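Peer 1: For reference, the sequence and a predicted model appear below.
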Amino acid sequence: MSAPDHAVPLAPARALFDVPDDIAYFNTASLAPTLRAGLSAGGAALQRRAQPWRIQAADWFDAAEERRELFAGLIGAGADDIALVPATSYGLAVAAANLDAAPDSRVLVLADEYPSGIYTWWRFTERTGARMLTVRREAGQSWTEAVLAVLDETVAVVSVPQVHWTDGTWLELDRIAPAARAVGAALVIDASQSAGAVPLDVAVLRPDFLVTVGYKWLLGPFGLGYLYVAPARQDGRPLEENWILRQDAQDFARLVDYRAAYQSGARRFDAGARTAFELTPMALAALRQLTTWTVPRIAATLKETTTLIAEHARRRGLAVPAPHGPHMLGITVPAHLQRATARALEQAGVFVGARGDALRISPHLHTTAHDIDRLFHGLDTALHHPPAP
């Protein structure tokens, strides 16, 4: 599920981002730059919030529902399948609270995976008596091959991303998902490093849960994330009980007529304060732009950029992972120079992420050929004339 070969790359879009000409930003995987449309929407939202008498009863619900629907469209889901959550850790906690495992069964995770997931499954194993199964790759082995080699009937939960967060190494979810189902394991996908940049189709993958933050490849603000919940899991127990999740919550005059029934679908798993008057318009602006661009065309455009970056790196004898996602990749530099090189690049106005054993490079549609030239000029300078530690 990488960029389809037939997808047409998009035209340059740097003007839509507030990225100055003297900045080469390659750290979308950490925190995406905000679209100018998002800045405008956020400013207007703050002005409106300053005058609360302008906010009507419907405003507590309508924008949140549009956000739910727009995100659902990006991953092939329906609006009823999406819960609005604040963070990956929250969504993973919902998944863990609604799954079970037999004692001595196993929870499969990747080595060097993002900490929030690991900590969530640690707690899960304490509750259930299951054990952690940490997958490591042998030399020349892909993550997909490593996962499939150990995935058997003892595995109760498979918790994997679409790309490894440290260097963008690719996982073939379309192979892992049916293998998980075949052994009766629940599938939980952390799509924080791919949703919005790489095609994902939950109708094909059929995960039990999929979670993502909104401030990376979805180009939105901090604190607004998304949780897909499979239809078979939508009658589970939420982490919290709040008023807006119950049936007929729109009738403010009758909120004290307490109701046991929830709103439909995955809405019962929404976090409190999901309305987020100040932030939701920024998220909507980003989701509308992504919908206009389409994820396959975003992926096709970014694939051209990362392919060029990989070629430049390999010509210099620098290793890059294969396969990697179309939108991000790691460049391996000598370990003792990694952090100093990242600092030297930052001083030159080039921003990357030092993660794991790599300099993680994650461009977006603001990235230009000039940015790539600056990246490698900075790398050449730092590696041939190492900065002081």
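Peer 2: In hand now; what should we look at?

Peer 1: Could you list which residues are in contact with Asp262?
Peer 2: Actually, residue 262 is Tyr rather than Asp. Listed by C-beta atoms under 8 Å, 6 or more residues apart in numbering, the contact set of Tyr262 reads Pro238, Leu245, Arg246, Gln247, Arg268. Every C-beta, even on glycine, is put in place using the N, C-alpha and C of the backbone.

Peer 1: so who does the closest residue to Ala203 other than its chain neighbours touch?
Peer 2: Spatially, and ignoring its direct neighbours in sequence, Ala203 is nearest to Gly76 (4.8 Å; C-beta to C-beta, 6 or more residues apart in numbering). Gly76 makes contacts with Leu200, Asp201, Val202, Ala203, Val204, as judged by C-beta under 8 Å, 6+ apart.

Peer 1: For Gly76, report the pLDDT, please.
Peer 2: The model reports Gly76 with a pLDDT of 98.

Peer 1: Kindly report the same for Asp5.
Peer 2: Model confidence at Asp5, given as pLDDT, is 63.

Peer 1: can you list contacts of stretch 110-118?
Peer 2: 87-89, 92, 109, 134-137, 143, 147, 159-161, 164-166, 190, 192, 356.

Peer 1: change it to 10 Å
Peer 2: Here stretch 110-118 makes contact (C-beta atoms under 10 Å, 6 or more residues apart in numbering) with 87-93, 95-96, 107, 109, 121, 132, 134-137, 143, 146-147, 159-161, 164-167, 169, 171, 188, 190, 192-193, 211, 213, 355-357.

Peer 1: List the buried residues in it.
Peer 2: Residues of stretch 110-118 classed as buried: Leu110, Asp112, Glu113, Tyr114, Ser116, Gly117, Ile118 (neighbour count, 16 or more other C-beta atoms under 10 Å).

Peer 1: Could you do stretch 361-371 as well?
Peer 2: Residues Ile361, Ser362, Pro363, His364, Leu365, His366, Thr367, Thr368, Asp371 are the ones in stretch 361-371 that count as buried (16+ other C-beta under 10 Å).

Peer 1: residues near Ala253, how many?
Peer 2: By other C-beta atoms under 10 Å, 7 other residues sit near Ala253.

Peer 1: before we move on, the earlier item: show me how to select, in PyMOL, the buried members of the contacts of stretch 110-118.
Peer 2: Those of those that count as buried under 16+ other C-beta under 10 Å are selected in PyMOL with:
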select buried, resi 87+88+89+90+91+92+93+95+96+107+109+121+135+137+143+146+147+159+160+161+164+165+166+167+169+171+188+190+192+193+211+213+355+356
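
Peer 1: Helix or strand: which one has the spatially closest residue to Ala37 that is not a sequence neighbour?
Peer 2: Ranked by C-beta to C-beta, 6+ apart and with sequence neighbours excluded, the top spatial neighbour of Ala37 is Ala285, at 4.3 Å. Element membership of Ala285 [criterion: DSSP states H and E] is helix 280-293.

Peer 1: Can you give me the buried ones in that helix?
Peer 2: For helix 280-293, burial by neighbour count (16+ other C-beta under 10 Å) applies to Thr280, Pro281, Met282, Ala283, Leu284, Ala285, Ala286, Leu287, Arg288, Gln289, Leu290, Trp293.

Peer 1: go on, stretch 315-325?
Peer 2: Using 16+ other C-beta under 10 Å as the test for burial, stretch 315-325 gives Leu318, Val320, Pro321, Pro323, His324, Gly325.
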